[in-house]
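A.B. asks: Could you look at this predicted model? Sequence included:
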Amino acid sequence: MPASTDVTTHPDIDGLLAGLEPSQREAVLADEPVVCVLAGAGTGKTRVLTLRVARRVLDGTAHPSHGLVCTFSRKAAQELRDRLWQLGVGREVQAGTFHRAALRLITQHRQEHGQRAPAVVSDRRQLLAEVLGTGGGGRRTGTRDRGYAPQARDARMPTSVGRDVARLEAEIGWAKSRLVGPTDYEATARRAARRAAMPAARIADLYARYEHLRRLRGVLDLDDLLSHAGDLLEEDAAFSRAVRWWHRHLFVDEMQDLNDAQYRLLRLLVGEEPDLFVVGDPNQSVYGWNGADPELLRRVTEEFSGTRVVRLETNHRCAAPVVRIATAALGSRDAPPATRDDGPLPTVACFGNDEEEARWVARQAWLAHRPGRAWSSIAVLARTNAQLARIAEALAAERVPARISGSELGPASDVRGTRDTDRVASAVRAADADADSIHRSGDDSGDDSDDADSIHGSDDDSGGAPTPPPTRTGRHPPSAGDAVVLSTFHRAKGLQWRTVFVVGVSDGLVPHASARSSAAKAEERRLLYVAMTRAEEELTCTWALRPNAASAADDVAERRASPWIVAVERTLDELRSGGAEAPPDRAVEHLARMRVLLPPASTGEGGLTP
């Protein structure tokens, strides 16, 4: 039964509700014990969540010190803390990642039993490198001959070791997110049709060695925090009751990004008397490499009877043409409403090779910097880091200032870690003890881990984010820190810019060649949707036929456009014709025409859709 929208006349609550559309207001005021908000891109889901927290505190239905707000990543956690502070409830309400909450629980349990706080390694790659450099008995073999120093940074590892570490780290992360141990890895990977770069039996063996070494060192890795906290809640009934009393009001943001280990912890925290509010968007689930499963959002409605489902559909971020194009890329013809009808039609551009594409994008970025617009209102988004390096060089040639977007530090990056395993958790505990200090610090420390691009196994970006070449004073002198933003699709999630270039939209990159299963390809499609919906007004998608000019002479096979560009082109034709549906083969013909329209490579100009 719908919740009444006149449950209170508190003046402060009236202020909170001002300007909300009916569905947003419904989500903030719903009085069911479990509420699930399905919110598309740009619909204000984080705003709704934080307003609900504030409403519950103001009307007395939730005590701030008993509220726990959890999300997936450091970036999202910091945004939640900032918004809660702005609403005046941030001092007492705890907000952070699930890993952070898990660490608090483990630390609290150990303190109650007179034990030392847990030692945590925020980056398990060093331990994995040691495992790969040892024999079956744990004795290091041959590492000196390979020039490997166990405590050296990743940059000093031999390339082959670094690649093996990255591959093994991805598989162990995948397994732990699904609560799969070494003995069950082989069978589980086989059932999941997992295609790893190593034989499953070898991964299982190395996984077991890693767990043995980790226990010998007396440390937990970030994934262990989730499973260990869950074990404590399952095994210690008195502790579980106390935790549920303290965290009796649970709010979850970015629900679509949760994996099995996080969902298990969520269920154990909620117990049998839920007070739960979750928001998420299945269409923005793009962390499958970390075990994220958009189906977990649906399970909330199945496992908690009487769950109130509220849908937020109106896009308040993007201009209507951008919404139409992004929805088409997702495979749907039913675009949600948008509050902004203005904005030019998005553009698709095809080029002879990657260099031409990069030069054209750099020139267009320069032209987009019109009076009154900052460089930072422009972003170039790519699937891999290697593509960004090429764009950065082209921007430097055009004297356009550019910077790589700060890396999304990963799901547990608001858990601090050092190599001194006796001091790591005490540092976290000291920081967590004072919410005010956390807010001031921004909580930026943590594991600067690779994003999903390298985890997917792309060799060309295994070295991490590139550093843009130094920029020179251009025709539009930038203000301090003002620069075009370069970002991978993954790191762009949660951000927005006035003008966005989505580059390299060719088959093999979008979807990425490593995405072989139907589930992986579906996630790649959602990732393209996420990239497109970062654009507030202007959206341009580009791709190139060949890697470079020489490849044409070498008779290198031409690339194909991303299979999802066809739907985009069809929708663009409809928008140009005033809404009339285009023939199904029109977009395919259009792509063929673009190849004919390509100019000579020496011009550096691209073939735009006419």
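C.D. replies: That came in fine, so what should we check first?

A.B. asks: mind listing the strands in the stretch 151-300 of the chain by residue range?
C.D. replies: Here the stretch 151-300 of the chain has its strands, by DSSP state E, counting those that start in this stretch, at 220-221, 249-252, 276-280.

A.B. asks: Below-threshold pLDDT in the stretch 1-150 of the chain: ranges please.
C.D. replies: Within the stretch 1-150 of the chain, the segments meeting pLDDT under 70 span 1-11, 134-150.

A.B. asks: do the chain as well
C.D. replies: Low-confidence segments of the chain, defined by pLDDT under 70: 1-11, 134-160, 406-480, 552-553, 579-610.

A.B. asks: could you say what helices and strands the strand ranked longest in it packs with?
C.D. replies: The longest strand of the chain (DSSP state E) is strand 535-546. Here strand 535-546 touches strand 315-319, helix 320-329, strand 347-353, helix 354-368, strand 497-502, helix 565-576, going by 3 or more C-beta pairs under 8 Å, 6 or more residues apart in numbering; DSSP states H and E. Where C-beta positions appear, they are placed from N, C-alpha and C, glycine not excepted.

A.B. asks: and of these, who's closest to Ala102?
C.D. replies: Closest to Ala102 of the helices and strands packed on strand 535-546 is strand 315-319 (C-beta to C-beta; 32.2 Å).

A.B. asks: angle of the closest one against strand 535-546?
C.D. replies: In terms of direction (axes from the mean of the first three to the mean of the last three C-alpha atoms, to 10 degrees), strand 315-319 departs from strand 535-546 by 50 degrees.

A.B. asks: start at 31 instead
C.D. replies: Yep, numbering from 31; the last one is strand 345-349 now.

A.B. asks: chain center to strand 345-349, what's the gap?
C.D. replies: Its chain's average C-alpha position is 20 Å from that of strand 345-349, according to C-alpha atoms, centre = their mean, to the nearest Å.

A.B. asks: how's the protein carved up into domains?
C.D. replies: 62-140+255-343, 150-248, 349-417+527-589+599-632 (automatic domain parsing).

A.B. asks: What segments of the stretch 431-580 of the chain are helices?
C.D. replies: According to DSSP state H, counting those that start in this stretch, the stretch 431-580 of the chain carries its helices in the segments 454-462, 465-471, 482-485, 519-522, 548-562, 580-583.

A.B. asks: CSV for the helices and strands packed on strand 565-576, including distance to Val78?
C.D. replies: Listed next are those as CSV, based on distance: least, C-beta to C-beta, whole Å:
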stretch, distance to Val78
strand 345-349, 11
helix 350-359, 19
strand 377-383, 33
helix 384-398, 32
strand 527-532, 23
helix 595-606, 29
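
A.B. asks: can you list the ones you listed in a markdown table and add distance to Val316 and mean neighbour count?
C.D. replies: Shown next, in a markdown table, are the helices and strands packed on strand 565-576 (distance: least, C-beta to C-beta, whole Å; neighbours: other C-beta atoms under 10 Å):
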| stretch | distance to Val316 | mean neighbour count |
| --- | --- | --- |
| strand 345-349 | 17 | 22 |
| helix 350-359 | 14 | 25 |
| strand 377-383 | 22 | 23 |
| helix 384-398 | 23 | 22 |
| strand 527-532 | 14 | 24 |
| helix 595-606 | 19 | 21 |
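
A.B. asks: picking that back up, next, the buried residues of the longest strand of the chain.
C.D. replies: For strand 565-576, a neighbour-count test (16 or more other C-beta atoms under 10 Å) marks Ala565, Glu566, Glu567, Glu568, Leu569, Thr570, Cys571, Thr572, Trp573, Ala574, Leu575, Arg576 as buried.

A.B. asks: From Leu418, how far off is the residue nearest to the last one when sequence neighbours are not counted?
C.D. replies: Closest residue to Arg576 apart from its sequence neighbours, by C-beta to C-beta, 6 or more residues apart in numbering: Asn383 at 4.6 Å. When distance is defined by C-beta to C-beta, to the nearest Å, Asn383 is 17 Å away from Leu418.

A.B. asks: Also His143?
C.D. replies: Distance of His143 to Leu418, given as C-beta to C-beta: 49 Å.

A.B. asks: If you count surrounding residues, which of the two has more?
C.D. replies: For His143 versus Leu418, the count of surrounding residues by other C-beta atoms under 10 Å is larger for Leu418: 28 against 9.

A.B. asks: Is it correct that the more buried one falls within a helix?
C.D. replies: Yes: according to DSSP: H, G, I helix; E, B strand; the rest coil, the state of Leu418 is that of a helix.

A.B. asks: Now it. Nearest residue, chain neighbours left out?
C.D. replies: Nearest to Leu418 is Leu516, by C-beta to C-beta, 6+ apart, at 4.7 Å.

A.B. asks: Make sure that neighbour is actually in contact with Ala416.
C.D. replies: No: counting by C-beta atoms under 8 Å, Leu516 does not reach Ala416; the two are 11.9 Å apart.

A.B. asks: Tell me which of these two has more neighbours.
C.D. replies: It is Leu516, of Leu516 and Ala416, that has more neighbours when counted by other C-beta under 10 Å, with 27 against 19.

A.B. asks: ok, now how distant is that one from Leu397?
C.D. replies: For Leu516 relative to Leu397 (C-beta to C-beta), the value is 17 Å.

A.B. asks: cool, Leu98 as well?
C.D. replies: 48 Å.
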